[in-house]
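A.B. asks: pasting the structure only:
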């Protein structure tokens with residue numbers, strides 16, 4: 001192990017020992033759940049380890065809370081998506097509902113799509129979903145969203161570019 005790796009390891013260890021309890025309490029107040037708080041605190045430190053920047057952190061609590069806030073948003077987004085999915089399933093006749101295995105696969109796919117579309121504007125997302133999942137043509141999307149076909153074209157180009165960039169980022173993370 002190099003001296004730099006050892007220094008980094010010690011910095012992460014010190015950061016964890018000094019701030020893990022505080023972070024877990026901070027998250028517990030926001031979540032009202034000690035188990036989720038513990039998971040998100042661990043995930044926060046995993047992000048710090050992956051970033052390999054523990055030696056550069058000057059204000060640990062604001063930095064850790066910034067990471068944790070992003071993880072909280074992701075958690076709430078996933079839960080909201082899962083709740084919407086479960087509500088849609090409950091509205092379906094039982095004979096049309098997918099098997100439990102298919103449901104798990106579909107939910108995972110929905111979460112991946114949501115992650116890929118994260119950061120796009122509402123209308124851009126709508127245009128992309130109408131095109132890719134509902135199979136509507138650009139003129140049909142334009143009519144549905146009350147925008148021009150040229151705007152749909154621009155939205156789709158933006159959405160495709162965004163998805164490609166997000167996929168690359170996720171692979172690198």
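C.D. replies: Thanks, I have it. Computed from a prediction, not measured in an experiment: that's the story for all the values here.

A.B. asks: I'd like the mean pLDDT over stretch 6-16, please.
C.D. replies: Mean pLDDT, computed over stretch 6-16, is 91.

A.B. asks: in that stretch, what's buried?
C.D. replies: Using 16 or more other Cβ atoms under 10 Å as the test for burial, stretch 6-16 gives 8, 11-12, 15-16. For the C-beta atoms, the positions are set from N, CA and C on the backbone; glycine is no exception.

A.B. asks: What is whichever strand or helix holds residue 21 packed up against?
C.D. replies: Per DSSP states H and E, residue 21 falls inside helix 3-31. Helix 3-31 sits against helix 34-51, helix 60-91, with contacts defined as 3 or more Cβ pairs under 8 Å, 6 or more residues apart in numbering; DSSP states H and E.

A.B. asks: For the longest one, buried residues please.
C.D. replies: By 16+ other Cβ under 10 Å, the buried positions in helix 60-91 come out as 60, 63-65, 67-68, 71-72, 74-75, 81.

A.B. asks: Break the protein down into its domains, please.
C.D. replies: 1-95, 119-173 (automatic domain parsing).

A.B. asks: circling back to that earlier point, by mean pLDDT, show me the worst of the helices and strands packed on helix 3-31.
C.D. replies: Across the helices and strands packed on helix 3-31, helix 60-91 gives the lowest mean pLDDT, at a mean of 91.

A.B. asks: Show me which parts of whichever helix or strand comes after that one are buried, residue by residue.
C.D. replies: For helix 60-91, the succeeding helix or strand toward the C-terminus, using DSSP H and E, is helix 100-117. Neighbour-count burial for helix 100-117, with 16+ other Cβ under 10 Å as criterion, is recorded at 107, 111, 113, 115-117.

A.B. asks: ok, now stretch 16-32?
C.D. replies: Buried positions in stretch 16-32, judged by neighbour count with 16+ other Cβ under 10 Å: 16, 19-20, 23-24, 26-28, 31.

A.B. asks: List just the nearest of those to residue 121.
C.D. replies: Nearest to residue 121 among those: residue 31, at 28.7 Å, using Cβ to Cβ.

A.B. asks: ok, and the closest non-adjacent residue to that closest one?
C.D. replies: residue 37 (5.3 Å; Cβ to Cβ, 6 or more residues apart in numbering).
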